[in-house]
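S.K.: What follows is a protein structure lacking sequence information:
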């Protein structure tokens, strides 16, 4: 039977070249069982005419399909669906009709938390996105990233791409981190003290699982990164929030019996405070005296465009009490999902075994691409470019905030990518964010950073990592006006 | 100061083009603080001569470094390290001197298991690698994988590559799985019933966490995939191993009080048994009667080159009792780390929340690359090519095993990628594997698939997924000879 040419049509919103689309529509038809082995395809001339594409495009698509044995050519008779083509399923697909399972009972452990940060996925369509933690297409070095990714897809890197590493990592990346990345933070570590993770989130999660139990006590900063609080609540440990001040976490406020402290000394999240050296020393001394461990999330240290960054807390750690969390996802892009843990070998061994059980290892291609991006110097060039742009945006934001008399609650003295803001007491920033969104302004309400059941609702975060300098003043003006309207 | 040309040298084992290597050695020198701002680089002529490369190569590397502001050009005076170049650390790097932490006490939960499967990372250097679960460079469609990866790196896919999806997945991939992949297994599912995971391992881990507690009972097959046993032991549930027979898991052997059963009906791991339809129906009826859940790892169904695959157990599930685990890592390559979970929405919601807490989401680039690889039909073409090659290898292996009178304990009647073998009672296959390795033959001892503390040691797995057909007979001959020597 000849397949009528009318069965073939290009989807208006399809992607890829025309050749790819034609390949795809034939392959999909075969896989779905609409085109059967032995059936004759329209001639390339007819199909080209019908689809409104050039004949050579159809011919090239057919050549690919021939090579993969989806179709065969019978001399002058034309092309036919191959007898060896993949077979459609022999059975109809069915959905479960109704569930007789009582899922309230069947679910043994619950992980859904009521308050999840939600950001609109289409944030880039907003005119004033003071949104945090997404890549800026205007700054990202896509060309070199592509080159590095392509190199990592090459024949020489076949094993790095495809192999099951079991519980190991790409040795080249571990080596680069040990020789180049960590020394820039004042840290020397051996390969068995380093573990690659699926971003900082995964590093914090692994650490919490290894170190905490229901009988142990963790201290966290308040306010802090909400996902960290979620991780610790899941571990069911006792949790002590410590209110931070303009210098970050005050060591004296730590309660007796703390087993593990989670802290962000470089750039407190979200207040942007940097912990001064005296406090760092005091914190390490207290850890030694009271025998607790410190997990340092070395958050945003790269964005130090106002002053050089301080060395990491880990670099002052004589006694192997600090576990260090680093991330490439922040400065390259968050969708990358690559970070790392640095800590004493006995700890890293357990974290490695847990990681192997949970997910084996971060995908090989990503590890190798990052290795190239780092070792060719593209990473540092990118961080510098981001720093320059952020500096300019920060200046524009500081000026606009001052012009409108808005209150900055916490400001990164060495740089960063956001300002932590305080609105007047009576303002609910959830409502503020809702109203602003209608005016194409995105801000982040601050309540979810706090641990209390009844958090303050007048804080918010204003990031400048994804908004062009030229739009900052107008965006802040709308924000100021909306705040006045709510008063 | 001028930097002496002797400071520059190319590493003999370096990777990348010469231009890339020169870029890298200059960038690394600057990042490490060996080359300081204002210092003069050797002229391109001099450096080219010293390194033994063409001058244009050096000039092109310098042009890249100029663009990234690592170096500046001062007219006819030459190139200098830029004042804006990234700065080396201002502080020396230090290692923790000694650890005062008692790690035996500090580690709250232990995850290291004594018996981890170890395979030599350099397996491809062995002449007879009867090794399981690694990609075969002779079969993998690297060219089209590269094209799909490159397309997913393009400007149009910037968001898919870079964005923080929080707890979501690439909608295009979820859509393809729902419309094309699952119907081929007889399953209809909605997007909120599908979750992407870091491979099947991660899918099984998430499932165990959501469904099991210390008070619940899981049943597993014996022998089974050792990493699954590890996952369940970590969940601290009660664990019942059920001995499988030639038809896989016998439903009658399931103990009362089972909450969750983990099974591999398509292709029992490692015995390769396929569960017949009558047993599948009986199992589903029992699950409904006794109110337990079934986790179906739809293992290796793609490798059905002897008979068409049966529909998945999930496709017979009227009552929403089956949670389905699929993987692309097996048939594309294991380093990919991409799989998926299909199950009722209330279950998927919890698994999604847990995944978000543990790692957020699988990297965006990998999801989009797989989307293209699937939708262009390359995936099915690859599976077919692998099936043809495995068929040929399987025939060669069956013949060689028969020629030498070796005992097959379990054989995939529809295909698969390995044979489950039984050596005479007194043979310890750990010792057998050790001896064979010296003769460049890799096999996998079978003890770690069993749950007992004193497992049978005379089983082993022989895979044909990574060995060329032409070497199978010789490899089996060495195996047979070594077995005779040990008798």
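M.R.: Yep, that arrived. In this text, all values refer to a predicted model and were calculated from it rather than measured experimentally. Residues are numbered from 1 along each chain as shown, chains lettered A, B, ... in the order given.

S.K.: quick one: the residue positioned nearest the centre of chain A and chain B, what's the gap?
M.R.: With distances taken as C-alpha atoms, centre = their mean, the residue of chain A nearest its centroid is residue A:334 (2.7 Å). Distance, residue A:334 to chain B, by C-beta to the nearest C-beta, to the nearest Å: 4 Å. Yep, even glycine has a C-beta here, placed from its N, CA and C like the rest.

S.K.: likewise residue A:269?
M.R.: 15 Å.

S.K.: Show me what whichever strand or helix holds residue A:379 is packed up against.
M.R.: Take DSSP states H and E as the rule and residue A:379 turns out to sit in helix A:378-403. Helix A:378-403 sits against helix A:142-152, strand A:418-422, helix A:469-486, with contacts defined as 3 or more C-beta pairs under 8 Å, 6 or more residues apart in numbering or on different chains; DSSP states H and E.

S.K.: after it comes which helix or strand?
M.R.: strand A:407-411.

S.K.: can you give me the helices for the stretch 51-200 of chain A?
M.R.: For the stretch 51-200 of chain A, the helices defined by DSSP state H, counting those that start in this stretch cover A:55-67, A:103-106, A:142-152, A:158-162, A:171-176, A:199-211.

S.K.: avg pLDDT for the second one?
M.R.: What that stands for is helix A:103-106. Helix A:103-106 carries an average pLDDT of 88.

S.K.: How far away from the center of its chain is it?
M.R.: 32 Å (C-alpha atoms, centre = their mean, to the nearest Å).

S.K.: per-domain residue ranges of chain A.
M.R.: A:5-81, A:123-133+A:381-486, A:142-376 (automatic domain parsing).

S.K.: Kindly reformat those domains as JSON lines containing mean pLDDT.
M.R.: Shown next, in JSON lines, are those (pLDDT from 0 to 100):
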{"stretch": "domain A:5-81", "mean pLDDT": "86"}
{"stretch": "domain A:123-133+A:381-486", "mean pLDDT": "95"}
{"stretch": "domain A:142-376", "mean pLDDT": "93"}
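
S.K.: Please identify the deepest-packed of those domains.
M.R.: domain A:142-376 (a mean of 22; mean count of other C-beta atoms under 10 Å in any protein chain shown).

S.K.: thought residue A:30 was touching residue A:84?
M.R.: No. Using C-beta atoms under 8 Å, residue A:30 is not in contact with residue A:84, being 10.9 Å away.

S.K.: Next one, pLDDT for residue A:115 please.
M.R.: 60.

S.K.: got the angle for the helix holding residue A:379 vs helix A:142-152?
M.R.: 150 degrees (axes from the mean of the first three to the mean of the last three C-alpha atoms, to 10 degrees).

S.K.: how close does the residue of the stretch 351-487 of chain A found nearest chain B get to residue B:343?
M.R.: The minimum distance from the stretch 351-487 of chain A to chain B, using C-beta to the nearest C-beta, falls at residue A:377 (2.8 Å). Counting by C-beta to C-beta, to the nearest Å, the separation of residue A:377 from residue B:343 is 46 Å.

S.K.: Also residue A:253?
M.R.: 45 Å.

S.K.: Same check on residue A:324?
M.R.: Separation of residue A:324 from residue B:343 (C-beta to C-beta): 37 Å.

S.K.: residue contacts, the closest residue to residue A:473 other than its chain neighbours?
M.R.: Nearest non-adjacent residue to residue A:473, counting by C-beta to C-beta, 6 or more residues apart in numbering or on different chains: residue A:400, 4.6 Å away. Contacts for residue A:400 (C-beta atoms under 8 Å, 6 or more residues apart in numbering or on different chains) come out as A:472, A:473, A:475, A:476, A:477.

S.K.: Pull the contacting residues for the closest residue to residue A:60 other than its chain neighbours.
M.R.: Nearest-residue entry for residue A:60: residue A:19, 5.0 Å, with adjacent residues in sequence omitted and distances by C-beta to C-beta, 6+ apart. Going by C-beta under 8 Å, 6+ apart, residue A:19 touches A:57, A:60, A:61, A:64.

S.K.: contacting residues for the residue of chain A most remote from its centre?
M.R.: Outermost residue of chain A with respect to the C-alpha centroid, by C-alpha atoms, centre = their mean, is residue A:76; its distance is 54.1 Å. Neighbour list for residue A:76: empty [criterion: C-beta under 8 Å, 6+ apart].

S.K.: mind checking how far it is from chain B?
M.R.: In terms of C-beta to the nearest C-beta, residue A:76 sits 26 Å off from chain B.

S.K.: Roughly how far does that residue sit from residue A:226?
M.R.: Note on residue A:76: its distance to residue A:226, by C-beta to C-beta, is 68 Å.

S.K.: Check residue A:84 too.
M.R.: To residue A:226, residue A:84 is 54 Å away according to C-beta to C-beta.

S.K.: same question, residue A:86
M.R.: 46 Å.

S.K.: For residue A:399, give me its contacts.
M.R.: residue A:473.

S.K.: same check, this time on residue A:20
M.R.: A:61, B:376.

S.K.: what's the helix or strand for it?
M.R.: Using DSSP H and E, residue A:20 falls in helix A:18-31.

S.K.: Which positions within stretch A:100-111 qualify as buried?
M.R.: The neighbour-count check on stretch A:100-111 (16 or more other C-beta atoms under 10 Å in any protein chain shown) flags A:101, A:103, A:106, A:107, A:108, A:111 as buried.

S.K.: is that stretch anywhere near chain B?
M.R.: Yes. Judged by C-beta under 8 Å from any C-beta of the partner chain, stretch A:100-111 comes into contact with chain B through A:100, A:101, A:103, A:106, A:107, A:108, A:109, A:110, A:111.

S.K.: Tabulate the residues you listed (CSV), appending distance to residue A:357.
M.R.: Shown next, in CSV, are those (distance: C-beta to C-beta, whole Å):
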residue, distance to residue A:357
A:100, 32
A:101, 26
A:103, 25
A:106, 23
A:107, 21
A:108, 18
A:109, 16
A:110, 21
A:111, 17
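
S.K.: out of these, which one sits closest to residue A:281?
M.R.: Checking the residues of stretch A:100-111 next to chain B against residue A:281 with C-beta to C-beta, the nearest one is residue A:111 at 38.4 Å.

S.K.: Could you check how far that closest one is from residue A:452?
M.R.: 22 Å.

S.K.: same check, this time on residue A:243
M.R.: 10 Å.
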